[in-house]
Each structure stands twice: as C-alpha cells, then as structure tokens.
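Undergrad: How does the following fold in three dimensions:
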Amino acid sequence: MTRAIVLHPTDNVATLLADGRAGQDCALEGEADGTLCLADDVGFGHKVALCDIAAGDRVIKYGAPIGGATQAIASGRHVH
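TA: Prediction:
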C-alpha cells in the first residue's frame with residue numbers, strides 16, 4: 001500500500017509519498033485518516049483528488065487554492 005499526506009484539513013488533494021498504481025489503496029496520513037483507492041497511476045510527489053472536484057472548483061493544498069480544475073476530477077484521480 002502506498003501512502004499520501006494531507007497537509008491541511010480543508011485540502012481536497014493529497015500528495016503521494018511513493019509511486020502508486022491504479023486500483024491500489026493509498027493510506028492517508030497527516031490531516032486525514034483512512035484510505036483512498038487510486039484511479040490512475042500517480043508518481044511520487046504528485047497530487048491525487050481526495051473527493052470529486054467539479055470543473056471550475058479550486059484545487060486546495062496547504063489550506064489555500066493552488067489552481068482551478070479545468071475539467072471534473074473524480075476522487076482518486078491524478079491532479080496535475
């Protein structure tokens with residue numbers, strides 16, 4: 001099982017601490033507990049959606065917006 005860190009309680013993305021593969025469970029650490037099933041292959045240091053993010057919604061990391069979704073992103077998908 002790979003791991004990801006959630007840096008702030010309001011974040012809607014987590015950062016992977018190791019490479020993860022589609023279909024693999026990912027253990028969440030930091031400001032979130034539990035697991036998330038990865039929908040895509042996601043590399044170390046990349047972000048994954050913790051919940052569904054609608055097109056136009058803000059991507060939140062560190063408790064602050066770091067960008068906007070140009071299309072809908074389902075939970076567990078790679079965010080880039």
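
Undergrad: any chance you could map the strands in this structure?
TA: 2-6, 13-16, 25-30, 34-37, 47-49, 58-61, 64-68, 78-79 (DSSP state E).

Undergrad: With mean pLDDT and mean neighbour count as extra columns, can I get the ones you listed in CSV?
TA: From N, CA and C alone the C-beta is placed, and that goes for glycine too. Formatted as CSV, these follow (pLDDT from 0 to 100; neighbours: other Cβ atoms under 10 Å):
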stretch, mean pLDDT, mean neighbour count
strand 2-6, 96, 19
strand 13-16, 98, 22
strand 25-30, 97, 16
strand 34-37, 97, 14
strand 47-49, 98, 23
strand 58-61, 98, 17
strand 64-68, 97, 12
strand 78-79, 98, 20
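
Undergrad: and the residue nearest to Pro65 when sequence neighbours are not counted, bridged to which residues?
TA: Closest residue to Pro65 apart from its sequence neighbours, by Cβ to Cβ, 6 or more residues apart in numbering: Arg58 at 4.0 Å. With DSSP bridges as the criterion, Arg58 is bridged to Gly68.
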